[in-house]
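**Q** I'll drop the sequence and a predicted model, then ask my questions.
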2 protein chains.
Amino acid sequence: MAQGEVRSGSAAAPRGVDVARHAGVSQKTVSRVFNGERYVSEDVRRRVLEAAEELGYRLNSAARALASGRTHSIGVVTLGTALYGPASLLIGIERAARDVGYALRVVNTLEGDPGGIAGAVEHLLEQGVDGIVVSEPIDEGAVSLSVDVPVLVLGSPAPFAGPRTVSAGVGAELPAREATRHLLGLGHRVVHHLAGPQRWFAARDRLAGWRAALAERGRDQPPVIEGDWSAASGYAAGHELASDRDLTAVFAANDDMAIGLIRALTEAGLRVPEDVSVIGFDDTPVSAYVTPPLTTVRQPFDAVAREGLRLLVHAIEKPDTELPPANDPPVELVLRASTAPPPQHRPQTTD
Amino acid sequence: MAQGEVRSGSAAAPRGVDVARHAGVSQKTVSRVFNGERYVSEDVRRRVLEAAEELGYRLNSAARALASGRTHSIGVVTLGTALYGPASLLIGIERAARDVGYALRVVNTLEGDPGGIAGAVEHLLEQGVDGIVVSEPIDEGAVSLSVDVPVLVLGSPAPFAGPRTVSAGVGAELPAREATRHLLGLGHRVVHHLAGPQRWFAARDRLAGWRAALAERGRDQPPVIEGDWSAASGYAAGHELASDRDLTAVFAANDDMAIGLIRALTEAGLRVPEDVSVIGFDDTPVSAYVTPPLTTVRQPFDAVAREGLRLLVHAIEKPDTELPPANDPPVELVLRASTAPPPQHRPQTTD
DNA sequence: TTGAAAGCGCTAACAA
DNA sequence: TTGTTAGCGCTTTCAA
């Protein structure tokens, strides 16, 4: 194993003045160099950089923040991060933030946390951030916040009204509708929905898309079963649904639930997709490799995060100019083996 | 939808002196109240709190950090966070950190990033952190860092030597050995290993455990196949392994690869567990619901994070006292349906 | 193109 | 128990 060595700092950290003295310039000039300001001669810049290197100088971000009022950091409120969606969004946000020179502060609010999202936002505000991202929010009723920085809401139309609130990745309804249409197009007369927890806006959108697809074909809407995103809840739902003689197709609000659902159906003696078709949502990395490989909806998490951050940074850095046009990245239906036409031998009524 | 309202800040944020004036005390007293210091009369405390509430006062953490030299925040370097393990660790870290009053700054270093872990650490140091967590590091050769804060390395024996380096969750070898033993105990003569990427220390530990289990029984070690943690890589490996007539058991270094592997074996006409037993590692939330439900090793990510943070915070706050004894939380073998005795009909040689 | 001076809002050290 | 004073290391403003 390659061992790295860590030089533990001994004396106090060098400051800008130390570098300045070393380079024979003023402290302000050091500041100029490190902020990439204009009006620094090439010679001076080089000398400052050398001196800084030699002393192991690092800008002190606390001092910088205090003097400038800007922290160059963005706070993220995320829920249930171990879920594939939120985790993927977080990665995308970090990436995009770093690319534009912002650091990330993270607060993870699990459902049921005292204070909820509002508390998490408050916490971030105390830490000092130039902007806030609320990733995949849930409905916590009326929330009143005193926020003086721009807020980006990811994965739902902004649940907080506010002059400096932007959003991205709000397009879950349409793909949910398409997923349902896909099943309908295969010939299924009824499509059941295994919904996500309805406090999540993302879950509501999917439910709405499903309803819309059924409505446009004039189909009945069977009762909705609500899960909690977990495979375990999908499994429980599957046991319930398996007793329904009319069951031929289910649209699950995420892949994990779809996987649990399929397991339960399999245990009940139903084959997927021969007896029952199942479609998921998210396209997690394992979804293509479960049995049967899951037909699902792929979400462009990275693109959503990047797009959202673009808007947020604009709102931070050019507060008085208009927002650039939003272009939500496209969501994609991924056809695999868990969906098929309904079984022939089942009784079929006419329209 | 319940709409929250956001009161956008208008004037400049109130400062400690403003609160002080309002409450008729000195600024220092306000500071005392907000830091929970002793020697503040109940009456004064109440007045200060009321004034602060009224003005919407919030401590300015940049000023605090500048004056005190402490940021009350911890930086996390994490790799490929969408993986279940790292994502779970991150949640645990955030939780544990918040519980002890620390905020979190996150840098996500993907494999192949310029600068790698060292660059990420440097980045955190610039932001100002009181301690650093390196979660599930990979081997990037000799790394030389000038770090003057304590470092916690999660999931591997510290790859950075250093006076203020602690570690937790380093026990992957033993459970890997037990997983292999389980297969051996079932009667399998050979256990193959589908390894994780060997730059990850976590993957090396699992490989070592597998080797150790085979060695203690004097069994041959078949060639190791190396994946990249993904189900896709497990699938590719499965196609390779399926042609091996002797294949009856595989220990995969994580659940995702195990799932891909099973898919490939299934496609090759091999049944799991009747023909081939497969055991995974991690116990992701879907592992119990794939077909067949996966026998695996459950990692106590939350406990590991909590334990590690306990050590880190000790190193931060009491740098001169001895570390409390480490107690790595236990890892647990979860028996499900993907493992069974080897097929009877296969030719069996004697020991 | 460079520099000097004046804070940013807090905590530390000391006094009262 | 409370207050006073002096920085923390930068950026801002203004002057040279």
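**A** Structure received.
**Q** Could you use CA atoms for every contact and neighbour count after this?
**A** Fine.
**Q** domain parsing for chain A?
**A** Domain segmentation of chain A under automatic domain parsing yields A:16-68, A:73-168+A:301-329, A:173-295.
**Q** List the beta-bridge partners for the closest residue to residue A:193 other than its chain neighbours.
**A** In this structure, residue A:193 finds its nearest non-sequential neighbour in residue A:251, 4.9 Å apart by C-alpha to C-alpha, 6 or more residues apart in numbering or on different chains. Listed by DSSP bridges, the beta-bridge partners for residue A:251 are residue A:193, residue A:279.
**Q** May I ask you to confirm that residue A:251 is in contact with residue A:190?
**A** No. The pair residue A:251 / residue A:190 is not scored as a contact, 10.6 Å apart, by C-alpha atoms under 8 Å.
**Q** still on that earlier bit, can you redo the domains of chain A as JSON lines with mean neighbour count, mean pLDDT and distance to residue B:259?
**A** Converted to JSON lines, those look like this (neighbours: other C-alpha atoms under 10 Å in any protein chain shown; pLDDT from 0 to 100; distance: least, C-alpha to C-alpha, whole Å):
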{"stretch": "domain A:16-68", "mean neighbour count": "16", "mean pLDDT": "91", "distance to residue B:259": "45"}
{"stretch": "domain A:73-168+A:301-329", "mean neighbour count": "20", "mean pLDDT": "88", "distance to residue B:259": "16"}
{"stretch": "domain A:173-295", "mean neighbour count": "22", "mean pLDDT": "97", "distance to residue B:259": "6"}
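**Q** Which one of the ones you listed lies nearest to residue B:328?
**A** domain A:73-168+A:301-329 (21.9 Å; C-alpha to C-alpha).
**Q** what about the closest one, distance to the chain center?
**A** Offset of domain A:73-168+A:301-329 from its chain centre (C-alpha atoms, centre = their mean, to the nearest Å): 9 Å.
**Q** That domain and chain B, any residue contact?
**A** Yes. Using C-alpha under 8 Å from any C-alpha of the partner chain, domain A:73-168+A:301-329 reaches chain B at A:81-82, A:84, A:87-88, A:91, A:94-95, A:103-108, A:126-128, A:139-149, A:159-163.
**Q** where do the helices sit along chain A?
**A** Under the criterion DSSP state H, helices of chain A are mapped to A:16-23, A:27-34, A:42-55, A:61-68, A:84-99, A:116-127, A:173-185, A:201-216, A:231-241, A:255-267, A:301-317.
**Q** give the contact list for residue A:198.
**A** Residues in contact with residue A:198, defined by C-alpha atoms under 8 Å, 6 or more residues apart in numbering or on different chains, are A:204, A:226.
**Q** and it, how far is that from residue A:229?
**A** Look at residue A:198 and residue A:229: by C-alpha to C-alpha, to the nearest Å, they are 11 Å apart.
**Q** What of residue A:149?
**A** Distance from residue A:149 to residue A:229, by C-alpha to C-alpha: 32 Å.
**Q** Contacts only, for residue A:264.
**A** A:235-236, A:238-239, A:242.
**Q** let's see 7 Å
**A** With contact set as C-alpha atoms under 7 Å, 6 or more residues apart in numbering or on different chains, residue A:264 has these partners: A:235, A:238-239.
**Q** re earlier: out of the helices of chain A, which gets nearest to DNA strand C?
**A** Closest to DNA strand C of the helices of chain A is helix A:61-68 (C-alpha to the nearest atom of the strand; 3.1 Å).
**Q** Show residues contacting that closest one.
**A** With C-alpha under 7 Å, 6+ apart, helix A:61-68 has contacts from A:71, B:62-63, B:65-66, B:126-128.
**Q** Convert the C-alpha atoms of it to CSV, please.
**A** Provided in CSV are the C-alpha atoms of helix A:61-68 (Å, rounded to 0.1, in the frame of the first residue of the first chain):
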residue,chain,number,x,y,z
SER,A,61,-12.1,32.0,3.4
ALA,A,62,-13.6,33.2,6.7
ALA,A,63,-11.8,36.5,6.4
ARG,A,64,-12.7,36.8,2.8
ALA,A,65,-16.3,36.1,3.5
LEU,A,66,-16.4,38.6,6.3
ALA,A,67,-14.9,41.3,4.3
SER,A,68,-16.8,40.7,1.1
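**Q** ok and that helix relative to helix A:27-34, angle-wise?
**A** Here the directions of helix A:61-68 and helix A:27-34 differ by 110 degrees (axes from the mean of the first three to the mean of the last three C-alpha atoms, to 10 degrees).
**Q** I'd say the residue nearest to residue A:193 and residue A:194 touch.
**A** Yes. With contacts counted by C-alpha atoms under 7 Å, residue A:251 reaches residue A:194, the gap being 6.2 Å.
**Q** biggest separation within the contacts of helix A:61-68, which pair?
**A** Taking C-alpha to C-alpha, no two of the contacts of helix A:61-68 sit farther apart than B:63 and B:126, at 16.2 Å.
**Q** mind listing what residue A:268 touches?
**A** residue A:242.
**Q** which residue is nearest the centroid of chain A?
**A** residue A:89 (3.2 Å; C-alpha atoms, centre = their mean).
**Q** now the closest residue to that one other than its chain neighbours: how far from chain B?
**A** Of all residues not flanking residue A:89 in the chain, residue A:301 sits nearest, at 5.4 Å (C-alpha to C-alpha, 6+ apart). In this structure, residue A:301 and chain B are 11 Å apart, going by C-alpha to the nearest C-alpha, to the nearest Å.
**Q** repeat for residue A:201
**A** For residue A:201, the distance to chain B - C-alpha to the nearest C-alpha - is 9 Å.
**Q** Please tell me I have it right and that residue contacts residue A:138.
**A** Yes. Assessed by C-alpha under 7 Å, residue A:201 is found in contact with residue A:138 at 5.8 Å.
**Q** Quickly list what's touching both of these two.
**A** In contact with both residue A:201 and residue A:138: no residue, using C-alpha under 7 Å, 6+ apart.
**Q** how about residue A:235, what does it touch?
**A** A:260-261, A:263-264.
**Q** and if you look at residue A:57?
**A** Residue A:57 makes contacts with A:14-15, as judged by C-alpha under 7 Å, 6+ apart.
**Q** Next, it: phi, psi?
**A** phi -80, psi 140 (degrees, to the nearest 10).
**Q** Using JSON lines, lay out the contacts of residue A:235 together with distance to residue B:325.
**A** Below are the contacts of residue A:235 laid out as JSON lines (distance: C-alpha to C-alpha, whole Å):
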{"residue": "A:260", "distance to residue B:325": "41"}
{"residue": "A:261", "distance to residue B:325": "44"}
{"residue": "A:263", "distance to residue B:325": "43"}
{"residue": "A:264", "distance to residue B:325": "45"}
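**Q** What is the neighbour count of residue A:336?
**A** 15 (other C-alpha atoms under 10 Å in any protein chain shown).
**Q** quick one: it and residue A:298, what's the gap?
**A** 12 Å.
**Q** for DNA strand D, what are the nearby residues on the stretch 1-150 of chain A?
**A** A:12-17, A:27-28, A:31-32, A:34-35, A:58-61, A:63-68 (C-alpha under 7 Å from any atom of the strand).
**Q** please redo it, this time with the cut-off set to 10 Å
**A** A:12-20, A:26-37, A:39, A:57-71 (C-alpha under 10 Å from any atom of the strand).
**Q** Now cross-check the residues you listed against DNA strand C and list the overlap.
**A** A:20, A:26-33, A:37, A:39, A:62-69.
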